[in-house]
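> Below are the sequence and a predicted model for it; my questions follow.
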Protein chains: 2
Amino acid sequence: MKNRVITISREFGSGGRTIGKQAAEKLNIPCYDKELIQTIAAESGFHADYIEEAGEYAPGGFLSSALSHRGLAPTNEDRIWEIQCRVIAHLAEQGPCVIVGRCADYILRDKADCLRVFIHAGLEFRARRIVEVYGQREQSPIQRLKDKDKRRAAYHRFYTDMKWGHAQNYDLTLNSGTLGIDKCVQIITQLYKR
Amino acid sequence: MKNRVITISREFGSGGRTIGKQAAEKLNIPCYDKELIQTIAAESGFHADYIEEAGEYAPGGFLSSALSHRGLAPTNEDRIWEIQCRVIAHLAEQGPCVIVGRCADYILRDKADCLRVFIHAGLEFRARRIVEVYGQREQSPIQRLKDKDKRRAAYHRFYTDMKWGHAQNYDLTLNSGTLGIDKCVQIITQLYKR
């Protein structure tokens, strides 16, 4: 029987990671997020910072990749993607868990019994949150969010051919800004238990 | 204070109407769906069947409307849209309620305290359901679904300029096919109560 896994895709600053961790704690199952990056780093030989960054870029961007016949030579991002698929599939085989980000919903589509969640929130809610959590940066919070959203959407589209944030790709999507983090955790844990 | 209203957008055959009705019953508040069409019919003088149909068409289609300078002369659909906006705003003023379809989420965006829900499900689940609920037709169920989906998306986009089914437009979206109708009702009523 396939293991039951919660996959959480999320907009930057929406609290998806926090929601994943809290749901996992309540359900007493592991939550993979940063740990995933460490494992992929160890297996690939790339630095963890690079892995984290590469998880948000479509390799080379759409234009350059269209011009370069990229299919002929796999990029670093392609190699990381392959390892990432293997690591995530392996984790899902070990037992029930929560996996945050990294297209786990797509990677596990035939390999686990997934509850596929997408967490999002309005720009203002997320802007406040990223300043609280990550501090001020030179770039304005709104600009950081728009930049990250665009990269994540492009990355997701590139590797999965699915539209990021399109309701039909998920079992449920939640607006953490209007519903609140606690309610999101509560709904997810409740649905997981069935 | 603004009234608390549940708006339910839904893919054809996903059970959104059933979910709306059941949630309203549990919360002991009215649910407007077919009643809405009757009221708009009465106010506009158009036949109810025509109102129902017009609620899924972008007037004249995108191409012909782009070519015809439609802004100069409102179409029947435009007139129905105006009455619809008035009827829905009026209902939301009367008290808490559930409103199914007809872009109520958009119409009430500044007029009510809305819980904005989108219900969807996979094609197979919906195909089975529409045959059970509406019976067989000449057109195959899958073709009927694709046709309806396309019309509703175009209508929604035309009048609201929002992408139908895009998670970011809702507080929550639920896959009734994977979660089940009962769970959807349960989550909505629970969130409504806060």
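That came through, no problem. Numbers count the residues shown, from 1 in each chain, chains lettered A, B, ... in the order given.

> so A:Gln38 sits right up against A:Ala48, yeah?
Yes. The criterion here is C-beta atoms under 8 Å, and A:Gln38 meets it with A:Ala48 at 5.9 Å. Quick note: C-beta positions are derived from backbone N, CA and C, even for glycine.

> What parts of chain A come near chain B?
Chain A has residues A:118, A:120, A:165-168, A:170-175, A:178-179, A:183, A:187, A:190-191 near chain B, with proximity defined as C-beta under 8 Å from any C-beta of the partner chain.

> again, only using 10 Å
Neighbours of chain B within chain A, by C-beta under 10 Å from any C-beta of the partner chain: A:9, A:11, A:114-116, A:118-123, A:149, A:163-180, A:183-184, A:186-187, A:190-191, A:194.

> Buried only: go through the residues you listed for me.
Buried residues within the residues of chain A next to chain B, defined by neighbour count using 16 or more other C-beta atoms under 10 Å in any protein chain shown: A:9, A:11, A:114-116, A:118-121, A:123, A:149, A:163-179, A:183-184, A:186-187, A:191.

> Give me the subset of these that lies in helices.
Assignment to helices by DSSP state H places the following of these there: A:Leu123, A:Asp149, A:Ser176, A:Gly177, A:Thr178, A:Leu179, A:Lys183, A:Cys184, A:Gln186, A:Ile187, A:Leu191.

> Show me where chain A has its helices.
Going by DSSP H, chain A shows helices at A:16-27, A:34-44, A:48-54, A:61-67, A:76-94, A:104-107, A:123-134, A:141-160, A:176-179, A:181-193.

> Out of the ones you listed, which gets the lowest mean score?
Mean pLDDT is lowest for helix A:61-67 among the helices of chain A, at a mean of 50.

> A:Gln84 touches A:Tyr32, doesn't it?
No. Applying C-beta atoms under 10 Å as the test, A:Gln84 and A:Tyr32 come out as separate, 11.4 Å apart.

> so what sits against both of these two?
A:Thr39, A:Arg102, A:Ala104 (C-beta atoms under 10 Å, 6 or more residues apart in numbering or on different chains).

> mind putting the residues you listed in a markdown table, neighbour count included?
What follows is the shared contacts of A:Gln84 and A:Tyr32, written out as a markdown table (neighbours: other C-beta atoms under 10 Å in any protein chain shown):
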| residue | neighbour count |
| --- | --- |
| A:Thr39 | 20 |
| A:Arg102 | 28 |
| A:Ala104 | 29 |
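
> now, which of those sits nearest chain B?
Distance to chain B across those (C-beta to the nearest C-beta) is lowest for A:Ala104, with 16.5 Å.

> separation between the residue nearest the centre of chain A and A:Arg10?
By C-alpha atoms, centre = their mean, chain A has its centre lying nearest to A:Gly101, at 1.3 Å. Look at A:Gly101 and A:Arg10: by C-beta to C-beta, to the nearest Å, they are 7 Å apart.

> intersection of neighbour lists for these two?
Joint contacts of A:Gly101 and A:Arg10 (C-beta under 10 Å, 6+ apart) are A:Gly16, A:Arg17, A:Gly20, A:Arg152.

> residue contacts, the third one?
Think A:Gly20. Neighbouring residues of A:Gly20 by C-beta under 10 Å, 6+ apart: A:6-8, A:10, A:31-33, A:97-101, A:117, A:119, A:184-185, A:188.
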